[in-house]
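Participant: show me the folded form of this:
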Amino acid sequence: MRAALIFLLMVATACSTPRESCLRSATAELQRVDRLIQETEANLARGYSIEQVPRTVPRLDLCVGTGRRTYNTGFGVSYCRTNDTLVTPEPRAIDPAAERRKLDQLRTTRARVERQAATQIAACPAPT
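Facilitator: Next up, the predicted model:
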């Protein structure tokens with residue numbers, strides 16, 4: 001599944017024009033800052049943040065190998081314990097004053113990043 005996703009991403013990247021690639025790289029940081037602003041605004045509106053917390057969960061699985069010999073063949077099937085990592089959302093308390101300061105800082109950063117992106121976009125090749 002992951003290999004197919006990587007393949008599709010490579011095909012999509014290969015099919016993009018030089019201008020599209022340039023625009024994508026010029027606006028990547030701006031999009032990151034916009035996502036952080038949206039997240040901070042949502043935290044302030046909710047009154048708490050939501051963190052993604054990884055958890056390890058044991059799982060019983062069927063294993064094939066030479067660990068347990070059956071019928072003197074040297075090949076066996078047994079149960080083995082493996083671990084899965086699940087990510088679960090958890091609410092966390094926030095300091096509203098600190099979140100507002102963070103939002104102000106992000107908006108200042110966005111203005112700077114937007115000017116840089118405009119300069120980079122102007123340097124991108126013209127559409128053909």
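
Participant: what is the helix ranked longest in the chain packed up against?
Facilitator: Counting by DSSP state H, the longest helix found in the chain is helix 18-46. Under the contact definition 3 or more CB pairs under 8 Å, 6 or more residues apart in numbering; DSSP states H and E, helix 18-46 sits against helix 96-122. All C-beta atoms are positioned from the backbone trio N, CA, C, and that covers glycine.

Participant: now the helix it packs on: average pLDDT?
Facilitator: For helix 96-122, mean pLDDT rounds to 94.

Participant: same question for stretch 79-93.
Facilitator: Per-residue scores along stretch 79-93 average to 91.

Participant: output that stretch in PDB with nothing but the alpha carbons.
Facilitator: Output of stretch 79-93 as PDB, limited to C-alpha atoms (Å, rounded to 0.1, in the frame of the first residue of the first chain):
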ATOM      1  CA  TYR A  79       1.200 -17.800  18.200                       C
ATOM      2  CA  CYS A  80       3.500 -14.900  18.700                       C
ATOM      3  CA  ARG A  81       3.000 -11.500  20.400                       C
ATOM      4  CA  THR A  82       3.600  -8.400  18.300                       C
ATOM      5  CA  ASN A  83       3.000  -4.700  19.100                       C
ATOM      6  CA  ASP A  84       1.000  -2.200  17.100                       C
ATOM      7  CA  THR A  85       1.300   1.600  17.500                       C
ATOM      8  CA  LEU A  86      -1.900   3.500  17.400                       C
ATOM      9  CA  VAL A  87      -2.300   7.200  17.500                       C
ATOM     10  CA  THR A  88      -5.200   8.600  19.400                       C
ATOM     11  CA  PRO A  89      -6.400  12.200  19.900                       C
ATOM     12  CA  GLU A  90      -6.400  13.500  23.500                       C
ATOM     13  CA  PRO A  91      -7.600  16.900  24.700                       C
ATOM     14  CA  ARG A  92      -4.900  19.000  26.500                       C
ATOM     15  CA  ALA A  93      -5.400  22.200  28.500                       C
END
